[in-house]
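**Student:** Here you go, sequence then predicted model.
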Amino acid sequence: MDYVLNFSVVWRSFDHLLGGLGLSLLLALGSILIGMAIGLVVSFALISPVAIARNLAGAYVTVTRNTPLLVLVLFTYFALPDLGVRLGDIESFVATLAIYSGGYLAEVFRAGMLSVPKGLSEAGQAIGLTRMQIRFSIIMPIMFRNVLPALGSTVISLFKDTSLAAAIAVPELTYQARKINVESFRVVETWIIASLLYVCTCAVLAMLFRRVERHLAIPR
Amino acid sequence: MDFTLGQFLHELWIARAPIVQGLGVTIVAAALAIVTGSILGVGVGLALTYGAKPLRWMTRAYTDFIRGTPVLVLVLASYYILGAAGVQLSPFQAGVLALAVFCSSHVGEIVRGALQAIPVGQIEAAKAIGLTFSQTFLYILLPQAIRQVLPTWVNTAAEMVKASTLLSIIGVGDLLLASQEVISRTFMSLPFYFFAGFLYFTANFAIEHFGRYVERKTKIPS
C-alpha cells in the first residue's frame, strides 16, 4: 500500500465536518421529539380496547418497521410532491425520520406500559382517579423510567440514521465527509475522521442516557 | 399525477427485466452479507465472552466502533478506502463487505448475550464431569445459545435486507437503484417508489413472521 496518511486537508475542512455533525444532531433531535409524540399516541392505540384503533396502530408499526428507511426518505422527497405535498429537504427528512422512529418508539412505549404492575392502576382506581389521571400521573412516569434503556438505543440508532439525509443532499456529517472526499481525494483520512465523529457522539449519547437512568432510578 | 394505473402497469411490464434483476441483486447481497456476517459474528461473540483479555478488548473495540458508525458510512468507507488501499473491489463486493462487517458486530453482541445468559453452574457441572471446553461448548452451550439467538438472528436478516438499499448509493444495481432508473425514464416516482417499498415490505414482513414462528417453535415450555 503506497498511500501516505495526511490529515492536513481534512483538518482544514474540519469546521465543515463539525457543522455537519451539528446539523446531524439537530435532525436527530427534531425527529426524536416528533417521533416520541407519535410513538406515545400510537402506543396508547396499540393497547386500546377499541379494535379499529389497535389494528390501525398495528399496521402503522408493521409498515414503518419493515420498509427500508432510504425508500421512505426518497419517497417523501421525490414522490410526495406528485401528490401536492411540497417540503424542503430538511423538513422532508425530519418528517420521514419522525414517522419511521414513531413506529419503533410505539413498540418501546407499549412494552413499557405493560411492564407497569397492574396493582398500581388498580390502586389509582381505588382512590378515585379517572383513567386519564391514572395514565398521566401513575403509568407514564414509571413507564418512562422503565423504557429509558430502550429509548436510549433508539435515539442512538436514530442519530446514525441521519446519515441517510446525505442521499437527498442535506449537508449533514456524511454529506460533508463525502464532499471533502470528492474534493481532496484524502479518502482514508476523511472516512476515519467521519466515523470517529459518529462513534464518539454515540458514546457520549450512551453515557448521557446512563447518567439520566441512574439519576431517575427508583431506589429500592 | 397525470398517469393512470394502466400506464403504470404498462411501464412496469416494460421494466420487468431490470426490476427482477435488481430484486435478485438485493437478495444475493443480503444473503451473502448475512451468511458471512453470521460466521464472523459467532467468532466475535465467542471472543467477547471467552477470549483472553487482549482479544476481548480488541473485539470490544471492533464491535463498539462498528456499532457506533452508520451503515451508510461503513458502505462509503469500504468502497472508497479499499480502492485507495489498492484493493480493487467492485461496488457490489465493497458493499457486501460493509454489510457483512455490520452484521458481524450485531450477531456478535447477540451471541455474547445468549452465551452469558447460560447459568455458570452448567459450565461448572460440565467441568465436574470432566468435559473439555470444546465439548462443553459443543454439547451444552451451543444448543442453548442457538435456541436463544435464532429469533433475533432472523430479525437481523430483515435488518440486512433493509440495509442493502444503501448499496444503491455506491451504484450497485439493487432493487432500489433499478426502480430509480425506471423513475428517471418514466417520471412516475410515486407508483414506482411505492412498488419498491411494497416489495421490500413483503420480504421483511415474511422474514419477521418467520422469526416469530421460530420463536414459538423453539420456546422452552415453562
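**Tutor:** All right, it came through fine.
**Student:** Quickly find the element holding residue 160.
**Tutor:** No chain was given, so I picked chain A. Secondary-structure assignment from DSSP states H and E places residue A:160 in helix A:140-161.
**Student:** look at chain B instead
**Tutor:** Counting by DSSP H and E, residue B:160 is found in helix B:142-163.
**Student:** Ignoring the adjacent residues along the chain, who's closest to residue A:146?
**Tutor:** Distances taken as C-beta to C-beta, 6 or more residues apart in numbering or on different chains place residue A:112 nearest to residue A:146, at 4.7 Å, with adjacent residues excluded. No exception for glycine: its C-beta is placed from N, CA and C like everyone else's.
**Student:** ok, now how distant is that neighbour from residue B:192?
**Tutor:** Residue A:112 sits 38 Å away from residue B:192, taking C-beta to C-beta, to the nearest Å as the criterion.
**Student:** The two: which has the busier surroundings?
**Tutor:** For residue A:112 and residue B:192, the more surrounded residue by other C-beta atoms under 10 Å in any protein chain shown is residue B:192, and the numbers stand at 25 against 22.
**Student:** That one: what's it in contact with?
**Tutor:** B:8, B:11, B:12, B:179, B:182, B:183, B:186 (C-beta atoms under 8 Å, 6 or more residues apart in numbering or on different chains).
**Student:** can you pull the contacts of the residue nearest in space to the middle of chain B?
**Tutor:** Nearest to the geometric centre of chain B sits residue B:160, at 3.2 Å (C-alpha atoms, centre = their mean). Counting by C-beta under 8 Å, 6+ apart, residue B:160 touches B:30, B:33, B:34, B:37, B:99, B:103.
**Student:** Surely the fourth one and residue B:97 touch.
**Tutor:** No - Residue B:37 is not in contact with residue B:97 according to C-beta atoms under 8 Å; the separation is 9.8 Å.
**Student:** More neighbours: the two, which one.
**Tutor:** Legend: neighbour count by other C-beta under 10 Å for residue B:37 and residue B:97, higher for residue B:37 (26 against 21).
**Student:** Give me the three-state assignment for the more buried one.
**Tutor:** Three-state call for residue B:37 (DSSP: H, G, I helix; E, B strand; the rest coil): helix.
**Student:** what comes up buried for the lowest-mean-pLDDT helix or strand in chain B?
**Tutor:** Ranked by mean pLDDT, DSSP states H and E, the weakest helix or strand in chain B is helix B:5-14, scoring a mean of 86. Within helix B:5-14, the residues scored as buried using 16 or more other C-beta atoms under 10 Å in any protein chain shown are B:8, B:11, B:12.
**Student:** Next, the contact list for the most centrally placed residue in chain A, please.
**Tutor:** With distances taken as C-alpha atoms, centre = their mean, residue A:158 lies nearest the centre of chain A, 3.3 Å away. Going by C-beta under 8 Å, 6+ apart, residue A:158 touches A:28, A:31, A:32, A:35, A:97, A:101.
**Student:** is it true that the fifth one touches residue A:29?
**Tutor:** No - at 10.7 Å, residue A:97 does not count as touching residue A:29 under the criterion of C-beta under 8 Å.
**Student:** what about the two, which has more around it?
**Tutor:** Legend: neighbour count by other C-beta under 10 Å for residue A:97 and residue A:29, higher for residue A:97 (26 against 15).
**Student:** just the helices in chain B please.
**Tutor:** Using DSSP state H, the helices of chain B run over B:5-14, B:16-50, B:53-68, B:71-84, B:91-117, B:120-128, B:133-136, B:142-163, B:175-186, B:189-218.
**Student:** close to chain A, is the fifth one?
**Tutor:** No - applying C-beta under 8 Å from any C-beta of the partner chain, one finds that helix B:91-117 is not in contact with chain A, the shortest distance being 10.8 Å.
**Student:** which strands and helices sit next to that helix?
**Tutor:** helix B:16-50, helix B:53-68, helix B:71-84, helix B:142-163 (3 or more C-beta pairs under 8 Å, 6 or more residues apart in numbering or on different chains; DSSP states H and E).
**Student:** shaky segments in chain B?
**Tutor:** B:1-2, B:222 (pLDDT under 70).
**Student:** Right, I'll leave it there.
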